[in-house]
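Trainee: Here's a sequence, model it:
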Amino acid sequence: MRVEACCQALFEHLLPDLDPQRQGLCFDVGVGTFAFYCELFARLGFATVAVEPSPTDKLRASCQQNPIKLIEQCLSDRVGSQTLHMGQFANLANSNFSSLAADWFGASGTTREVPTLDLATLLEQVGATHITAFKVDIEGWEPVVIKQFAALPVELLPQVVMFEYGGGGSRAQGDKGWSPKFFEGTMVCLNTLQQLGYDFSVMVDYASGTQAKVFDLQTLDLDQETPFYANGVYGNILCFYQQRFAPERIHRICAPYGGGLANWLVSKLVSS
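Mentor: Below you'll find the model as predicted:
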């Protein structure tokens, strides 16, 4: 599936239902160089915060035009500074793969010191009282951030959290973004959100032949099972807080991106 396009379509269709009065903030943490979720959030009428330590000129211009509050720092678990390992892909510099994790598969030996802040400081800095959406794509550092949700008061829990998982190869290979360390981090994200009460969830994976998977996080025994496809490559999981949507609607939204409603209906008939 076309992961980012599909996930942006899900946000575009579902966020107005989650927060019709646009009362909450939307966060795009780890904006990168393409698929600017912050632009989508702002276009939908939400007050938006972008957190990106290496903003492109295009992102800077977008933040000025929309407007979007741009914070040029890394979101982490400490206030101060840390070493950012600059990204590379196919032996070329690519800031989309930069990570605070030295052993991230997309990180190079080139580093620079960057300012960091923790979640509580970020929310205080922007005056958050209600959060509609929180998207985080920070190359293996997602659990460091998501674990901090456990310290938030209930009224500050985002209505939907989206985080990236996997990358660099397939789940069957078990390395890079699927290596034991980073897969454990992905499971920490799911466990934390499960314990906080997140339930209705959607997984969108890049792997060929897959479709968007709708599941209830509360019904998964995460010690025994996971939602991931055996041929999973990388993707995003959206977890909603006390909000449900018809699976047919999710698959209809995802249909143009490779997760067709027809395929889903066939799979339901076969399994019934």
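Trainee: Doesn't Gly232 lie inside a helix?
Mentor: No - applying DSSP: H, G, I helix; E, B strand; the rest coil, one finds Gly232 to be coil, outside a helix.
Trainee: what sits against the residue lying closest to it once chain neighbours are set aside?
Mentor: With sequence-adjacent residues excluded and distances taken as C-beta to C-beta, 6 or more residues apart in numbering, Gly232 is closest to Arg171, at 4.2 Å. Placement of C-beta: from N, CA and C, glycine included. Applying C-beta atoms under 8 Å, 6 or more residues apart in numbering to Arg171 gives the contacts Trp178, Phe228, Tyr229, Ala230, Asn231, Gly232, Val233.
Trainee: all helices of the stretch 1-150 of the chain, in order?
Mentor: 3-18, 37-43, 57-65, 119-126, 142-146 (DSSP state H, counting those that start in this stretch).
Trainee: Tell me the helices and strands packed up against the fourth one.
Mentor: Counting by 3 or more C-beta pairs under 8 Å, 6 or more residues apart in numbering; DSSP states H and E, the packing neighbours recorded for helix 119-126 are strand 47-51, strand 69-71.
Trainee: now do the first one
Mentor: If you count contacts as 3+ C-beta pairs under 8 Å, 6+ apart, helix 3-18 packs onto helix 37-43, strand 131-136, strand 160-166, strand 198-205, strand 234-241, helix 247-254.
Trainee: So which of the ones you listed is nearest Leu152?
Mentor: Leu152 lies closest, by C-beta to C-beta, to one member of the helices and strands packed on helix 3-18: strand 131-136, at 8.8 Å.
Trainee: just to revisit the earlier point, how about the helices and strands packed on helix 3-18, which one is nearest Thr83?
Mentor: Nearest to Thr83 among these is strand 131-136; the distance by C-beta to C-beta comes to 19.6 Å.
Trainee: Pull the residues that contact that closest one.
Mentor: Here strand 131-136 has contacts from 11, 15, 18-19, 22-30, 37, 41, 46, 75, 123, 142, 145-146, 156-164, using C-beta under 8 Å, 6+ apart.
Trainee: are any of those residues buried, and which?
Mentor: Among these, those buried by neighbour count (16 or more other C-beta atoms under 10 Å) are 11, 15, 18-19, 24-30, 37, 41, 46, 75, 123, 142, 145-146, 156-164.
Trainee: Sketch out the low-pLDDT regions of the stretch 1-150 of the chain for me.
Mentor: Residue ranges of the stretch 1-150 of the chain with pLDDT under 70: 89-93.
Trainee: May I ask you to confirm that Ile146 is in contact with Met162?
Mentor: No - judged on C-beta atoms under 8 Å, Ile146 makes no contact with Met162 at a distance of 10.7 Å.
Trainee: what's the neighbour count on Arg60?
Mentor: 15 (other C-beta atoms under 10 Å).
Trainee: if you skip the residues just before and after it, what's nearest to it?
Mentor: Leu70 (6.9 Å).
Trainee: quick one: the one you found and Pro227, what's the gap?
Mentor: Applying C-beta to C-beta, to the nearest Å, the value for Leu70 to Pro227 is 33 Å.
Trainee: picking that back up, check the burial of the residue nearest to Arg60 by counting its neighbours.
Mentor: 20.
Trainee: Ala61 now?
Mentor: If we define neighbours as other C-beta under 10 Å, then Ala61 has 11 of them.
Trainee: now swap in Ala5 and tell me
Mentor: When neighbours are counted by other C-beta under 10 Å, Ala5 registers 15.
Trainee: For it, give me its contacts.
Mentor: Ala5 neighbours (C-beta under 8 Å, 6+ apart): Ala35, Tyr257.
Trainee: residue closest to the middle of this structure?
Mentor: Central residue of the chain (C-alpha atoms, centre = their mean): Phe163, 2.3 Å from the mean position.
Trainee: Pipe the helices and strands packed on helix 3-18 into JSON lines and attach distance to Val3 per row.
Mentor: Below are the helices and strands packed on helix 3-18 laid out as JSON lines (distance: least, C-beta to C-beta, whole Å):
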{"stretch": "helix 37-43", "distance to Val3": "12"}
{"stretch": "strand 131-136", "distance to Val3": "12"}
{"stretch": "strand 160-166", "distance to Val3": "9"}
{"stretch": "strand 198-205", "distance to Val3": "5"}
{"stretch": "strand 234-241", "distance to Val3": "5"}
{"stretch": "helix 247-254", "distance to Val3": "10"}
